[in-house]
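Enquirer: following is a predicted model, sequence given first.
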Amino acid sequence: ASGGYFAWIDDSGNHAPSTLTSPDIDISGLTNPLLSFYHVSHDEGTGDNATLDVEVFDGTSWNNVATYNTNTNGWEQHYISLAAYTGTIKVRFTITDSGNFYDDIAIDDIAVGEAPSCYPITSPSVGVVTATSAEISWTPGDTETSWDIEVVPSGATPSGIATDTGVTNPVTVSNLSPQTVYDVYIQSDCGGGDVGAWVGPVSFETACAALMAPFLEDFENFSTGTFEEENCWTADADNSSNDWNIDGSGSTGSSDTGPNNAYSGNNFFYLETSGGSTGSEARLYSPFIDLSSLSKPVLTFFYHMYGDDTGDLMVDVYDGTSWNDNVFVVSGQQHTSGSDPWKEAIVNLSSYVSAGQIQLRFRATKGPKVGTYDYNGDISIDDISVINVPCLPPSDLQVNNIMETSAELGWTSDSSVLSWNIEVVPAGNTRVGIATDTGISNPYNKTGLQPNTAYDFYVQSSCGVDGFSSWVGPYTFVTACATNEQAPWSD
């Protein structure tokens, strides 16, 4: 925390608790004795935190006064009242191993002294960050309800003069510049001119300025490999073994999973599922996107989900206030080979027009082990766009109940679309572009077909004053053989 030295414990292996004990400390000269120290702990996303217990010896027995077993935000200062003790004491710090090797705990700047009249805040953290604002929160030092903050460009020396006074917790700092790193310092205000010591800095970087829609990202200008942040996109993950990667060579590096090629160009994102654990989630965040120029915005992207261990792919939308989860969800294996064509996802964003700016979040999870190996679950996405589409096209064409002269044609469509047109032609024939059936419902029983014949069918949405969508297809099917062949007959 200060200087060049600190005490730390190696979390490797599985050992008995380790202790660090202070010398005798005479607190008889203190009116309101206080123990303070700095502590850092981080499990690297594994959930395996070591445990730090703080105990005080009162001359007769050891008394536990605090326990810490969660991640800290860098070095965090802790305050523990010693008002219950008199005379001479000792302080003991005990580390209990996590059972893994990820959490080397460190402590520094241990002090026993007079408690301040206004306690400093602890555990400052950063919440939602936009291009021009950031939410800052903290743990109050005591019972105070007012605080001062100072915001400065990262690395600048704070003046000790608040840029905002009498703020609440949390506070949203506004009027910031996009793509800029800032440091924030917080001070308790206990009233009557009594203030705590400044605490900080807590640092953050504002987001990129919002990109104007129509918007398209094909990831061709991204670096390949494990992804964290580039071109205003960011990512994080529950487990470092299951994170978003960018491939540029045509595969995800594991057999029997992933596509053989990008949807377009060379690069695409994929969830790496080698290692890690079932349910581990990775998150990919887009830049903010300004929808103000679109009247009927739509998110489109292409996905490939091949592998028997495939988990879930989910899309969320941040509307400036909160995340709207699961606006699109697809679960499990959707492709049977790496050569299968990518599927297109279409998500109506019209309900977010009033928000002005949105952010997209793509979440993917590692699925449960099905076969011999547990790494056959790489989920891939490519060519993400936000565009204006007055009439949403259908998707996921399908054919059921195939008979000799009829077949039930179906598709997935947005709930706002109530009518469709189809064109059915012999398989391989060029589509004319003129509907064979208009104003139909979904599903639709197509009749008048020939037995044992291959057909292609195409479908488009009919949206009234908003016109028609693009044609989608073909989907190929073969009608059933005739039940009774008529003579003369040969084969």
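Expert: Looks like it came in fine. Computed from a predicted structure; not experimentally measured.
Enquirer: can you give the contact residues for stretch 51-61?
Expert: By CB atoms under 8 Å, 6 or more residues apart in numbering, the residues outside stretch 51-61 that reach it are 35, 39, 41, 62-69, 78, 80, 82, 85, 87-96, 98, 105, 107. C-beta coordinates here come from the backbone N, C-alpha and C atoms, glycine included.
Enquirer: let's see it at 7 Å
Expert: The contact list for stretch 51-61 (CB atoms under 7 Å, 6 or more residues apart in numbering) reads 39, 62-69, 80, 82, 85, 87-96, 105.
Enquirer: what of stretch 206-220?
Expert: 129-132, 134, 176-180, 232, 246, 264-269, 287-291, 293-294, 297, 357, 382-388.
Enquirer: now the one residue sitting closest to the centre of the chain, which residues is it bridged with?
Expert: Central residue of the chain (CA atoms, centre = their mean): R283, 2.9 Å from the mean position. When bridges are assigned using DSSP bridges, the partners listed for R283 are D236, R363.
Enquirer: isn't it right next to D236, touching?
Expert: Yes - A contact is recorded between R283 and D236 when judged using CB atoms under 7 Å, the distance being 5.5 Å.
Enquirer: before we move on, back to that, which ones among the contacts of stretch 206-220 lie within helices?
Expert: Counted as lying in helices by DSSP state H, out of the contacts of stretch 206-220, is not a single one.
Enquirer: now which of these would you call buried?
Expert: Restricting the contacts of stretch 206-220 to buried positions leaves 129-132, 134, 176, 178, 232, 246, 267-269, 287-291, 294, 297, 357, 382-386, with burial counted as 16 or more other CB atoms under 10 Å.
Enquirer: among those residues, which lie within strands?
Expert: In strands, defined here by DSSP state E, the members of the buried ones among the contacts of stretch 206-220 are 129, 134, 246, 268-269, 287-290, 297, 357, 382-386.
Enquirer: can you give me the buried ones in stretch 138-149?
Expert: Judged by neighbour count (16+ other CB under 10 Å), stretch 138-149 contains these buried residues: 138, 140-141, 144, 146-149.
Enquirer: I379 and D309 touch, don't they?
Expert: No - judged on CB under 7 Å, I379 makes no contact with D309 at a distance of 10.4 Å.
Enquirer: so where do the strands sit in the stretch 51-200 of the chain?
Expert: Using DSSP state E, counting those that start in this stretch, the strands found in the stretch 51-200 of the chain span residues 51-57, 62-68, 76-81, 88-96, 106-114, 122-129, 134-139, 146-153, 164-167, 171-173, 181-189, 199-205.
Enquirer: helices or strands up against the last one?
Expert: Translated: strand 199-205. On a contact count with 3 or more CB pairs under 7 Å, 6 or more residues apart in numbering; DSSP states H and E, strand 199-205 meets strand 122-129, strand 181-189.
Enquirer: average pLDDT for the longest one?
Expert: In this case it means strand 181-189. Per-residue pLDDT values across strand 181-189 average out to 97.
Enquirer: so where's the chain uncertain?
Expert: Low-confidence segments of the chain, defined by pLDDT under 70, span residues 13-16, 484-487, 489-491.
Enquirer: contacting residues for the residue nearest to the centre of the chain?
Expert: By CB under 7 Å, 6+ apart, the contact set of R283 is 235-237, 361, 363.
Enquirer: quick one: end-to-end length of stretch 458-478, please.
Expert: Taking CA to CA, to the nearest Å, the span from the opening residue of stretch 458-478 to its closing residue is 15 Å.
Enquirer: in that stretch, which residues are buried?
Expert: Taking 16+ other CB under 10 Å as the basis for neighbour counts, the residues of stretch 458-478 that come out buried are 458-463, 466, 468-469, 471-475, 477.
Enquirer: farthest-separated two in those residues?
Expert: D466 and F477 (29.7 Å; CB to CB).
Enquirer: once you drop chain neighbours, what's closest to Y303?
Expert: Take Y303 and drop its neighbours on the chain: the residue closest to it by CB to CB, 6 or more residues apart in numbering is I381, 5.1 Å away.
Enquirer: N348 versus the one you found, what's the distance?
Expert: Distance from I381 to N348, counting by CB to CB, to the nearest Å: 18 Å.
Enquirer: all helices for the stretch 201-350 of the chain, in order.
Expert: Taking DSSP state H, counting those that start in this stretch, the stretch 201-350 of the chain contains no helices at all.
Enquirer: what about the strands in it?
Expert: Taking DSSP E, counting those that start in this stretch, the strands of the stretch 201-350 of the chain run over residues 211-212, 215-217, 225-226, 229-230, 233-237, 244-247, 268-271, 281-290, 297-305, 310-318, 323-331, 343-348.
Enquirer: which residues sit in contact with the nearest residue to Y306 once chain neighbours are set aside?
Expert: What sits nearest to Y306 in space, not counting adjacent residues and going by CB to CB, 6+ apart, is H335, at 3.9 Å. Contact partners of H335, counting by CB under 7 Å, 6+ apart, are 304-306.
Enquirer: just the element for the closest residue to N400 other than its chain neighbours, please.
Expert: In space, N400 comes closest to E408 once its chain neighbours are excluded; the distance is 4.6 Å by CB to CB, 6+ apart. Using DSSP states H and E, the element containing E408 is strand 407-412.
Enquirer: which residues touch that strand?
Expert: 394-401, 422, 442-446, 449, 457, 459, 477, 479.
Enquirer: list only those of those residues flagged as buried.
Expert: Neighbour-count burial (16+ other CB under 10 Å) applied to the contacts of strand 407-412 gives 394-397, 399, 422, 442, 444, 446, 449, 457, 459, 477, 479.
Enquirer: would you turn the residues you listed into CSV with secondary structure and distance to V184?
Expert: Putting the buried ones among the contacts of strand 407-412 into CSV (DSSP: H, G, I helix; E, B strand; the rest coil; distance: CB to CB, whole Å) gives the following:
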residue, secondary structure, distance to V184
P394, coil, 49
S395, strand, 45
D396, strand, 48
L397, strand, 53
V399, strand, 59
I422, strand, 59
N442, coil, 54
Y444, strand, 60
K446, strand, 64
L449, coil, 69
F457, strand, 59
V459, strand, 54
F477, strand, 62
T479, coil, 69
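Enquirer: out of those residues, which is nearest to S123?
Expert: S395 (46.3 Å).
Enquirer: count of residues packed around P259?
Expert: P259 is flanked by 27 other residues according to other CB atoms under 10 Å.
Enquirer: how about it, what does it touch?
Expert: With CB under 7 Å, 6+ apart, P259 has these contacts: 304, 306, 338, 342, 380.
Enquirer: count residues in the vicinity of the first one, would you?
Expert: The number of residues packed near H304 is 29, by other CB under 10 Å.
Enquirer: wait, it touches W342, no?
Expert: Yes - counting by CB under 7 Å, H304 touches W342, with 5.0 Å between them.
Enquirer: on that earlier part again, in CSV, list the buried ones among the contacts of strand 407-412 along with distance to N169.
Expert: Supplementary listing: these in CSV, determined by distance: CB to CB, whole Å:
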residue, distance to N169
P394, 49
S395, 46
D396, 48
L397, 53
V399, 59
I422, 59
N442, 52
Y444, 58
K446, 63
L449, 69
F457, 60
V459, 55
F477, 62
T479, 69
